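Peer 1: Here's my sequence, what's the structure:
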Amino acid sequence: MGKPAAERKMAIYTPIHLRAEANRLPCSAPGCCLPRYSVSRYCGQHARADRAYGHPLGKRLLPRHYAAERREVARFIRRNREDQSIRTALAFFQRWLELAASGDTDVPAPAQIARLAKNQVSALEMLCEAGAVWAYSERNQRALIDDERLTCALGNSISHLAPLTAIRKYEFRGKTLYRYSRVPKAERMEIGETIRRTLGVLLQAVTEAIEPRPITTRRVIPLHQFKLMICHPTIQ
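Peer 2: Residues are numbered from 1 along each chain as shown. Have a look, this model is predicted:
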C-alpha cells in the first residue's frame, strides 16, 4: 500500500536545504569518494562536468580540437553536395531551422534552433559541424566516448554556432560587459539526440569516407550506394 497523500506531498515539497543535509552519500562517479554536492548524485566537480558535458567524466571539447575534421568533412560535403543523402540531410536541417524560426514549439529545442536561424546559421554549417564532431569521436574514442558525452558534444557544438543571448549589461573598470544566458543541458541533449537518431548512419558513412583506411570493423555502405531515409515526428 502506498504512502498517504499528505506524506507524499511533504516528500515532494521538502525544502532543498533539508534534502541537501540528508544527501550524505559519496559521489556516484566511478572512483570518486568525495561527498555529494547539495542534492546532486555527484560531488561539485563531477556535477559541473555532468551539467556541461553530459557525463560526470566528460571533458571540454573546443572547436580547435576538431578543426582538422571540420575541414575534411566540409571538403567532402562540398564535393558530394549533389548526392541524394547529403541533400536529404541538408533539407532536414533547413526544415528544422524554418520551423523553429516560424515559432513552432513542437520541434526539438525550438528556442535554440530559432536563435541559430535568427543569426543566419545555414544547414550546411550545421551538417559540417555535426560531421566534424562525429569524426573526431571516431578518431579519438578515448577523448570523446560514444555515449552521453558524444550526444552532449553534438548539442554543444550546434548550439554554439551562433552567439548566445545577452541577458544583462554591466560596467566593469570602465568597460561595458555582457552576461549571456546558458543553453540548458536538456536542450543540448535534445539537439544531440535528434542528430544521432536521424543522421547517425549518414555521419558514420561520411566519417568512413574521409578516412584513408577503415577505423572500425563494421561494414559501412559507401556513400554513393547509401540512401538516407529521415523520419522525425515533428520535423517534416
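Peer 1: Tell me the secondary structure at the closest residue to Arg41 other than its chain neighbours.
Peer 2: With C-beta to C-beta, 6 or more residues apart in numbering as the measure, Ser28 is the residue that lies nearest to Arg41, at 4.4 Å, once sequence neighbours are left out. Every C-beta, even on glycine, is put in place using the N, C-alpha and C of the backbone. Ser28 falls in the coil class when you classify it by DSSP: H, G, I helix; E, B strand; the rest coil.
Peer 1: count of residues packed around Ser28?
Peer 2: When neighbours are counted by other C-beta atoms under 10 Å, Ser28 registers 15.
Peer 1: shouldn't it be in contact with Pro56?
Peer 2: Yes - using C-beta atoms under 8 Å, Ser28 is in contact with Pro56, at 7.4 Å.
Peer 1: residues shared between the contacts of these two?
Peer 2: Overlap between the contact sets of Ser28 and Pro56, as judged by C-beta atoms under 8 Å, 6 or more residues apart in numbering, is given by Tyr42, His46.
Peer 1: returning to what we had before: quick one: the residue nearest to Arg41 from Ile145, how far?
Peer 2: As judged by C-beta to C-beta, to the nearest Å, Ser28 and Ile145 stand 17 Å apart.
Peer 1: One more: Ile158?
Peer 2: According to C-beta to C-beta, Ile158 stands 19 Å off from Ile145.
Peer 1: Tell me how far the most centrally placed residue in the chain lies from Leu99.
Peer 2: The structure's the chain has its C-alpha centroid closest to Gly155; by C-alpha atoms, centre = their mean the separation is 1.7 Å. Separation of Gly155 from Leu99 (C-beta to C-beta) stands at 18 Å.
Peer 1: Likewise for Arg24?
Peer 2: Distance of Arg24 to Leu99, computed by C-beta to C-beta: 46 Å.
Peer 1: Which one's more surrounded, these two?
Peer 2: Between Arg24 and Leu99, counted using other C-beta under 10 Å, the more crowded position is Leu99 (21 against 8).
Peer 1: Can you read off the pLDDT for the more buried one?
Peer 2: At Leu99, the model reports a pLDDT of 95.
Peer 1: now for the longest helix seen in the chain, which elements pack on it?
Peer 2: Among the elements of type helix in the chain, defined by DSSP state H, the one spanning the most residues is helix 185-210. Counting by 3 or more C-beta pairs under 8 Å, 6 or more residues apart in numbering; DSSP states H and E, the packing neighbours recorded for helix 185-210 are helix 67-79, helix 84-101, helix 110-118, helix 123-139, helix 148-159.
Peer 1: State the three-state secondary structure for Tyr178.
Peer 2: Taking three-state DSSP as the rule, one finds Tyr178 in the strand state.
Peer 1: Just the mean pLDDT for stretch 164-172, thanks.
Peer 2: Taken as a whole, stretch 164-172 carries a mean pLDDT of 81.
Peer 1: how many neighbours does the nearest residue to Glu187 once chain neighbours are set aside have?
Peer 2: Closest residue in space to Glu187, ignoring its immediate chain neighbours: Ala109 at 4.2 Å, by C-beta to C-beta, 6+ apart. For Ala109, the number of neighbouring residues by other C-beta under 10 Å comes to 25.
Peer 1: Ala109: what's it in contact with?
Peer 2: Neighbour list for Ala109: Ala100, Gly155, Ser159, Glu187, Arg188, Glu190, Ile191, Thr194 [criterion: C-beta under 8 Å, 6+ apart].
Peer 1: Looking at these, which one is closest to Tyr37?
Peer 2: Using C-beta to C-beta, the shortest approach to Tyr37 within the contacts of Ala109 belongs to Arg188, at 20.8 Å.
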